[in-house]
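S.K.: curious how this folds, go ahead:
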Amino acid sequence: MYETLCYEVETPIATISLNRPDHLNTIVPPMPDEVEHAVNAAVRDEAVKVIVLRGRGRAFCAGFDFGGGFHHWDDYITTDGEWDPGKDFSLATAGALSPTHKFMSLWRSPKPVIAQVHGWCVGGGSDYALCADLVIASEDARIGTPYSRMWGAYLSGMWLYRLGLTKAKEYALTGKPLSGREAADAGLINAAVPFAELEAEVRRRADQLASIPASQLAAMKLVVNHAYENMGLGSTQTLGPILDGLMRNTPDAKRFIELASREGVGAAVGERDGPFGDYSRASAADKPDPGNVID
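M.R.: Numbers count the residues shown, from 1 in each chain. Presented below is the predicted three-dimensional model:
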């Protein structure tokens, strides 16, 4: 039994559904551990050939939950109530602890993973989705890293490796979101379709992959993964989470999280996003359709 996700198998496809719909599937303990556990269960199941990752409700994943001041991570990053950089460093780099390392179980799985993205897919949620092999999104989804502006840094590095230098710099510096259609056009994800067609399109692609021998899928995934690991993916994933810890504890970042704790997340992100007019400050036309819900 899982607290933060649902795991289902309809041979030959295993589906992992993030299951905090009332909180836009934001990341809290034990979600990283449960994701890793579910991926490993699918890897061990000989009947499974493809893994689908999705979110319940009206979002894929809205990133790490900091509405309560981020205190649900205190055991890992604080000592006597104060930020402990030594603990944070250990969390960021230890395979047994790091949320990023646990999400990378999707990357390490010999079985292909398709991320089915709808609604908000931002912050750590975008890092999570981009660890998959294929990413299919609804056209109105919004994918971005608002932590580029405040309180974070790239975690998985997948934004860098999926985009060329020109676009990687643009989105790293601005944190602006892309719609599902824009993300597909930029090469960040594989395809974008109307929400009404999303589930069927993911299933179609999963069925195609499942028609290929498992050993062939594993071999082709492995050779592509190693090409990118030879480009320094591991080093990027060491540096990114360490910088993320530092950026969560600058004076500006502390003021940001105090505002979120005192007045709510909306006040903090509204101040952050105001100059850009996106995310919480976007018009309805520039947000995901709230009626697009996955049960």
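
S.K.: tell me which stretches of this protein form helices.
M.R.: With helices called from DSSP state H, the chain shows them at 31-44, 74-77, 85-93, 99-103, 105-108, 124-130, 158-162, 165-174, 180-186, 195-210, 214-229, 233-247, 251-263, 265-273.

S.K.: as TSV, the ones you listed with distance to S148, mean neighbour count and mean pLDDT would be great.
M.R.: (Each C-beta comes from the backbone N, C-alpha and C, glycine too.) Formatted as TSV, those follow (distance: least, C-beta to C-beta, whole Å; neighbours: other C-beta atoms under 10 Å; pLDDT from 0 to 100):
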stretch	distance to S148	mean neighbour count	mean pLDDT
helix 31-44	21	19	98
helix 74-77	21	16	94
helix 85-93	18	17	95
helix 99-103	16	24	95
helix 105-108	22	20	98
helix 124-130	11	29	96
helix 158-162	9	20	96
helix 165-174	6	13	96
helix 180-186	16	20	98
helix 195-210	26	17	98
helix 214-229	22	13	98
helix 233-247	10	18	96
helix 251-263	13	14	92
helix 265-273	10	18	94
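
S.K.: F64: which of those helices is closest?
M.R.: Relative to F64, the nearest member of those by C-beta to C-beta is helix 124-130, separated by 4.7 Å.

S.K.: next one: that closest one to chain centre, how far?
M.R.: 2 Å (C-alpha atoms, centre = their mean, to the nearest Å).

S.K.: among the helices of the chain, which is nearest F66?
M.R.: helix 251-263 (5.9 Å).

S.K.: the closest one vs helix 233-247, what angle?
M.R.: 70 degrees (axes from the mean of the first three to the mean of the last three C-alpha atoms, to 10 degrees).

S.K.: okay, buried residues for stretch 47-60 please.
M.R.: 48-60 (16 or more other C-beta atoms under 10 Å).

S.K.: taking these, tell me the two that lie furthest apart.
M.R.: Most distant of the buried residues of stretch 47-60, by C-beta to C-beta, are K49 and R58, 29.5 Å apart.

S.K.: give me the low-pLDDT residue ranges for the stretch 1-150 of the chain?
M.R.: For the stretch 1-150 of the chain, no stretch has pLDDT under 70.

S.K.: now do the strands in it.
M.R.: In the stretch 1-150 of the chain, the strands defined using DSSP state E, counting those that start in this stretch lie at 5-10, 13-18, 50-55, 78-79, 82-83, 113-117, 120-122, 134-138, 142-144.

S.K.: okay, the helices of the chain in CSV with distance to I13 next?
M.R.: Shown next, in CSV, are these (distance: least, C-beta to C-beta, whole Å):
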stretch, distance to I13
helix 31-44, 9
helix 74-77, 33
helix 85-93, 33
helix 99-103, 20
helix 105-108, 15
helix 124-130, 18
helix 158-162, 23
helix 165-174, 31
helix 180-186, 22
helix 195-210, 5
helix 214-229, 13
helix 233-247, 27
helix 251-263, 38
helix 265-273, 35
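
S.K.: out of those helices, flag the one nearest Y7.
M.R.: With C-beta to C-beta, the closest approach to Y7 among the helices of the chain belongs to helix 31-44: 4.6 Å.

S.K.: picking that back up, which of the strands of the stretch 1-150 of the chain sits closest to F256?
M.R.: Each of these was scored for nearness to F256 using C-beta to C-beta, and the closest is strand 82-83 (14.1 Å).

S.K.: who are the packing partners of the closest one?
M.R.: Packing partners of strand 82-83 (3 or more C-beta pairs under 8 Å, 6 or more residues apart in numbering; DSSP states H and E): none among the helices and strands.

S.K.: what about the residue lying farthest from the centre of the chain, distance to A92?
M.R.: Ranked by distance from the centre of the chain (C-alpha atoms, centre = their mean), the top residue is D80, with 30.3 Å. D80 sits 20 Å away from A92, going by C-beta to C-beta, to the nearest Å.

S.K.: so for E139, which of the helices of the chain sits nearest?
M.R.: Closest among the helices of the chain, using C-beta to C-beta: helix 180-186, at 4.6 Å.

S.K.: for the closest one, C-alpha coordinates in CSV please.
M.R.: In CSV, the C-alpha atoms belonging to helix 180-186 read as follows (Å, rounded to 0.1, in the frame of the first residue of the first chain):
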residue,chain,number,x,y,z
GLY,A,180,2.6,21.2,-23.9
ARG,A,181,2.6,22.3,-27.6
GLU,A,182,5.5,24.7,-27.1
ALA,A,183,7.5,22.0,-25.2
ALA,A,184,7.0,19.6,-28.1
ASP,A,185,8.0,22.2,-30.7
ALA,A,186,11.1,23.0,-28.6
